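In: Whatever this is, show me its structure:
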Amino acid sequence: MPLLKIRPFPLALLAVALLTASCGGGDSSGGAAGAPTTGGNATVAFRSDFDGFNPVTNSAQVTDEVIKYMLFTPIIQFDSAFNARPYLAERWELTDQNVTFHLRQGVTWHDGKPVTAEDVKFTFDLAKNPETGAGIIAANLGMVKSATVVDPQTIRFDFVAPHAQALEDFWWPPVPKHLLESVPPSQMAQAPFNQKPVGSGPFKFVSWQQGQTMTVEANTAFPAALGGRPRLDRVTFRVIPESTIRLTELVSGSIQADLFIPPSQAQQLESQGGVEILRSPSRSFVYMGWNNEREPFKDPVVRRALGMAINKPQMIQGLLRGFGSPAHGVIPPWSPMYTDLSQADRYDPAAAKQLLAQAGWRDTNGDGILDKGGRPLRFTLLTNASNQLLQDVATVIQQQLKTIGADAQIRTLEFQTLLQQHRARDYEAVLANWSWDYFRPDPTPLFSCAEARKESSPNRAGYCNPQADQLMETGLREADAGRAKSTWSQYSQIVQQDQPITPLYWSVDLTAVGPTLQGVSTDPRGQLVNVTQWWVGR
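Out: Below you'll find the predicted structure:
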């Protein structure tokens, strides 16, 4: 019997609601009147550098967008209604036991060799190999057991068990087997390929000066069935950590777009002639991460109490200018599996103090900081040195936690250094963000016991609760929407009580586009979702 797929809530409706309610109008696509042209270059700014361009090992959001929409060809893509559509696979047969993909003819690596089912299986096997330290791909393959090459253009994936939205397991691109098969899996994250990738997508890699620029050029041989060559000849990404400098260069025309502008600049930029602000609901949420393997955060009572002392609505209004919504769990509000936990997750500093007192934390020396067994409730809070908004959020949290006797000492780090320490669980507390790579609820990467036991896994809190694991596994396998929702509700309540991390807010992505760059559109699929259709006005 075919697998019943649970469809996510149509995010496009949410996008319209958010744009109308919180942004005072506007649309989600850039550009002006005139026929699209082919040719020209665009320079795009963003605040921090890329991770390596290897789909198997990457776990960074912006890098993932460059991989999926520019350099490589995922097996599937998503349309504007967030349904799976053919891409590298031109068709498939899906059952509750497996899926067979028929790959498109004529897709080649940028060195001219054809993309085959062997490349797809090679990528899958790498992602499933624990020695690889795989990122986004591996985190979403928990329900896929094996891959079998049927012929050069056909591959079958067998499932562990029937599960919901099975096609979403395959929103990833293969890597070239002929270039990477000699690299040991344990060395894949350090492979030279990651700095000079050979992809198969609509753009070819040109150069990367880390911390400065990365340039790609149009793949003129990209198959017409996949959209053909992009309209732009070249796209250069510039790393500009300071938002004020990005603003100045956007207005002067030195850059044509700023992928992620802070809310504080949105109104200022809108007053500039020709600059357009694109808004879209994000799949990302910002959170306070607690290292569950270190004191005092081994105790869920402490974690829950600290979360109750953070005033999320005030933060959203004051720092985000209303561009966001409180996060009370890790399952997004737009998901049909969402449970409203706002009452259990309410701001209540008095109750937070009571919880800490019950856990033995008291101010025994009158210095205003709680202590227990001679240890003060003091910890280092890491945040991104290139993200002023997160630094401001950290300062607000520091002030709010101080009112209940907790001393958060802020330390800013360069993003890649922060990411390295976060991955290694070499931290006490961290302010970070997480982006849902797919459109279904799957907290496996963040919270499963299996991921907690792996080094450098996405479960950077080190959280493990066997009861939550069982509910999560049941929810992922349940094809009946009603039963799945009940299971996810139970799961969400347990995680809220354990609070391995404290979700703060769901973001609204803000992108600024200058007057010469046309055709830009953003939505929850990403900021680069239609980058092949961008063009430069004459």
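In: Which residue comes closest to residue 316 once chain neighbours are left out?
Out: With sequence-adjacent residues excluded and distances taken as Cβ to Cβ, 6 or more residues apart in numbering, residue 316 is closest to residue 324, at 4.7 Å. C-beta: built from backbone N, CA, C; applies to glycine.
In: List the contacts of the one you found.
Out: 263, 316, 505, 506, 507, 508 (Cβ atoms under 8 Å, 6 or more residues apart in numbering).
In: mind listing what the residue lying closest to residue 461 once chain neighbours are set aside touches?
Out: Nearest residue to residue 461, sequence neighbours excluded (Cβ to Cβ, 6+ apart): residue 500, at 4.3 Å. Contact partners of residue 500, counting by Cβ under 8 Å, 6+ apart, are 290, 292, 300, 303, 446, 447, 461, 463.
In: Go again with 6 Å.
Out: Contacts were defined as Cβ atoms under 6 Å, 6 or more residues apart in numbering; by that measure residue 500 touches 292, 461, 463.
In: isn't the last one right next to residue 292, touching?
Out: Yes: in this structure residue 463 lies within contact range of residue 292 using Cβ atoms under 6 Å: 5.0 Å.
In: quick check: longest strand of this structure.
Out: strand 276-290 (DSSP state E).
In: ok, and what's touching that strand?
Out: 14-15, 18-19, 23, 28, 30, 266, 269-270, 297, 303, 327, 429-430, 432-433, 435-436, 461, 501-513, 522-524.
In: So which other helices or strands are in contact with the helix or strand just after it?
Out: With elements assigned by DSSP states H and E, the helix or strand that comes after strand 276-290 is helix 300-308. Contact here means 3 or more Cβ pairs under 6 Å, 6 or more residues apart in numbering; DSSP states H and E; on that basis helix 300-308 packs against helix 349-358.
In: residue contacts, the residue nearest to residue 377 when sequence neighbours are not counted?
Out: What sits nearest to residue 377 in space, not counting adjacent residues and going by Cβ to Cβ, 6+ apart, is residue 370, at 4.3 Å. If a contact means Cβ under 6 Å, 6+ apart, then residue 370 has 356, 361, 363, 377, 405 as its contacts.
In: List the buried residues in the helix ranked longest in the chain.
Out: Ranked by residue count under DSSP state H, the longest helix found in the chain is helix 481-498. Neighbour-count burial for helix 481-498, counted by 16 or more other Cβ atoms under 10 Å, picks out 484, 485, 486, 487, 488, 489, 491, 492, 493, 495, 496, 498.
In: Kindly reformat those as a markdown table containing pLDDT and distance to residue 275.
Out: Listed next are the buried residues of helix 481-498 as a markdown table, based on pLDDT from 0 to 100; distance: Cβ to Cβ, whole Å:
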| residue | pLDDT | distance to residue 275 |
| --- | --- | --- |
| 484 | 89 | 44 |
| 485 | 92 | 42 |
| 486 | 95 | 47 |
| 487 | 96 | 46 |
| 488 | 95 | 41 |
| 489 | 96 | 43 |
| 491 | 97 | 43 |
| 492 | 96 | 40 |
| 493 | 96 | 44 |
| 495 | 97 | 41 |
| 496 | 96 | 41 |
| 498 | 97 | 44 |
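In: what's the closest of the residues you listed to residue 337?
Out: For these, the closest approach to residue 337 (Cβ to Cβ) belongs to residue 488, at 4.1 Å.
In: Would you mind confirming that that closest one makes contact with residue 474?
Out: No: counting by Cβ under 6 Å, residue 488 does not reach residue 474; the two are 9.2 Å apart.
In: quick one, strands of the stretch 101-250 of the chain?
Out: Along the stretch 101-250 of the chain, counting by DSSP state E, counting those that start in this stretch, strands occupy 144-151, 154-159, 203-209, 213-218, 234-239.
In: Count the residues that sit near the nearest residue to residue 448 once chain neighbours are set aside.
Out: Sequence neighbours aside, residue 469 is the residue nearest to residue 448 in space, at 5.9 Å (criterion: Cβ to Cβ, 6+ apart). When neighbours are defined as other Cβ atoms under 10 Å, residue 469 has 17 of them.
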